[in-house]
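1. Return atomic coordinates for the entry below.
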Amino acid sequence: MRNFWPAAISNRPTMLYEKSLRSGQNIDFDGNVVILGDVNPGAEIVASGHILVMGSLRGLVHAGATGEEGATVTALHFAPTQLRIASHITRPPEDGNEDISNKPAETARIKNDAVVIEKYEAPK
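-> I've put the predicted structure just below:
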């Protein structure tokens, strides 16, 4: 069986949060974070590993917070107010009124020293 997580962080613990995060709520976890719900504007997730949101991502997320550039952020509906992976930071365009409900799931990762956001593809 193939391991889903990259080898560098595959042994990290994983937190499962089974509801949406509201504005003002924060999660700071040394490992991977899985959210079964939405991350609303004003909510924040900081994880030393991967972040997976099974809902809409509209808050601030920081994956690989301890410097792990192999960390990823994946969401079913991807529109974070701020996205950080390791020391890389990005924001959405100023005209962020795009309808995200019909877009495919997306994953953000570091490639060639920059944050890229791609359509999610399951590991093979």
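
2. ok, then the element right after the helix or strand harbouring Ala75?
-> Element membership of Ala75, judged by DSSP states H and E, is strand 73-78. Note on strand 73-78: by DSSP H and E, the next helix or strand toward the C-terminus is strand 82-85.

3. hang on, the earlier thing: just the residues contacting the strand holding Ala75, thanks.
-> Strand 73-78 has contacts (CB atoms under 8 Å, 6 or more residues apart in numbering) with 39, 50-57, 61, 63, 80, 83, 85, 100-101, 103, 105-109, 117, 120. In short, each C-beta sits where N, CA and C put it, glycine included.

4. How about the contacts made by the closest residue to Gly55 other than its chain neighbours?
-> Spatial nearest neighbour of Gly55, chain neighbours left out: Asp38 (4.0 Å); criterion: CB to CB, 6 or more residues apart in numbering. Going by CB under 8 Å, 6+ apart, Asp38 touches 20-21, 53, 55-58.
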